[in-house]
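J.: heads up, no residue letters with this:
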């Protein structure tokens, strides 16, 4: 297992376009998380899945954002009608039931909206 | 009285010295606390965790101290090395694993 994979690593898009990011978690991890990180700040929670069920969404996640984990394995995060304020690093993480081990993060997808 | 370490956004230490990184947390109900290390261009990496019913936990070259009275967490790195240069975040975990991250501290190790 090579850890958590995210694709693409970088994305530049024009304002108003839709973008979709993919995350492949560690295979035996049943929990998957999306976070957003802007420069100089800690990651901010967006949403969380346990298997295929989306259990929690942050108030930060506007209607333009949607996440899925259709078969309880990989996940996608879509942003519709992107805005310049969406520019950030989008991090995916996965974890096992043992919360104390923390997350394993991917390297993130850096989104730039121009 | 007991002093509470201030959170500093940056910390510079000499190679071989010990480093202490501080963090204040907000939720008394958090049941785990975790320290992460983030290097440039990478996602945060788990370093060490501590349960809320503990005061201290040691790992390899790292020690985490938890003071619930003042809601303060610290990470001590012994014999700091250049490879320790990174941004360090504390995170509090409540419930099903959602973590709330604090402000990061950028550690620079001078040779």
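T.: The structure has been received and is ready for your questions. Everything numeric in this text was worked out from a predicted model, so none of it was measured.
J.: rest of the way, CA atoms for contacts and neighbours
T.: Will do.
J.: And stretch B:19-28, what's buried?
T.: Going by neighbour count (16 or more other Cα atoms under 10 Å in any protein chain shown), the buried part of stretch B:19-28 is B:19, B:20, B:21, B:22, B:23, B:24, B:25.
J.: Looking at those residues, which one is closest to chain A?
T.: Distance to chain A across the buried residues of stretch B:19-28 (Cα to the nearest Cα) is lowest for residue B:23, with 12.3 Å.
J.: and after the helix or strand of chain B with the lowest mean pLDDT, which helix or strand comes next?
T.: Sorted by mean pLDDT, DSSP states H and E, the helices and strands of chain B end with strand B:98-101, the least confident at a mean of 88. Following strand B:98-101 in sequence order, the next helix or strand is strand B:105-110 (DSSP states H and E).
J.: And the average pLDDT for that next one is what?
T.: What strand B:105-110 shows for mean pLDDT is 96.
J.: Show me what counts as buried in it.
T.: B:105, B:106, B:107, B:108, B:109.
J.: Give me the contact status of it with chain A.
T.: No - looking at strand B:105-110 against chain A by Cα under 8 Å from any Cα of the partner chain, there are no contacts, and the closest approach is 9.3 Å.
J.: packing partners for that strand?
T.: The criterion is 3 or more Cα pairs under 8 Å, 6 or more residues apart in numbering or on different chains; DSSP states H and E, and the helices and strands that strand B:105-110 contacts are strand B:10-14, strand B:86-94.
J.: what sits against residue A:94?
T.: Residues counted as contacts of residue A:94 (Cα atoms under 8 Å, 6 or more residues apart in numbering or on different chains) are A:4, A:25, A:26, A:29, A:30, A:31, A:32, A:33, A:103, A:104, A:105.
J.: Dig out what the closest residue to it other than its chain neighbours forms beta bridges with.
T.: Counting by Cα to Cα, 6 or more residues apart in numbering or on different chains, residue A:94 lies nearest to residue A:32, which is 4.3 Å off, once chain neighbours are set aside. Applying DSSP bridges to residue A:32 gives these bridge partners: residue A:49, residue A:94.
J.: which residues does the residue of chain A found nearest chain B contact?
T.: Relative to chain B, the nearest point of chain A is residue A:107 (4.5 Å; Cα to the nearest Cα). By Cα under 8 Å, 6+ apart, the contact set of residue A:107 is A:4, A:5, A:6, A:9, A:91, B:41, B:42, B:43.
J.: same check, this time on residue A:95
T.: Counted by Cα under 8 Å, 6+ apart, residue A:95 has contacts A:26, A:29, A:30, A:31, A:32, A:101, A:102, A:103, A:104.
J.: Looking at those, state which has the most neighbours.
T.: residue A:32 (32 neighbours; other Cα atoms under 10 Å in any protein chain shown).
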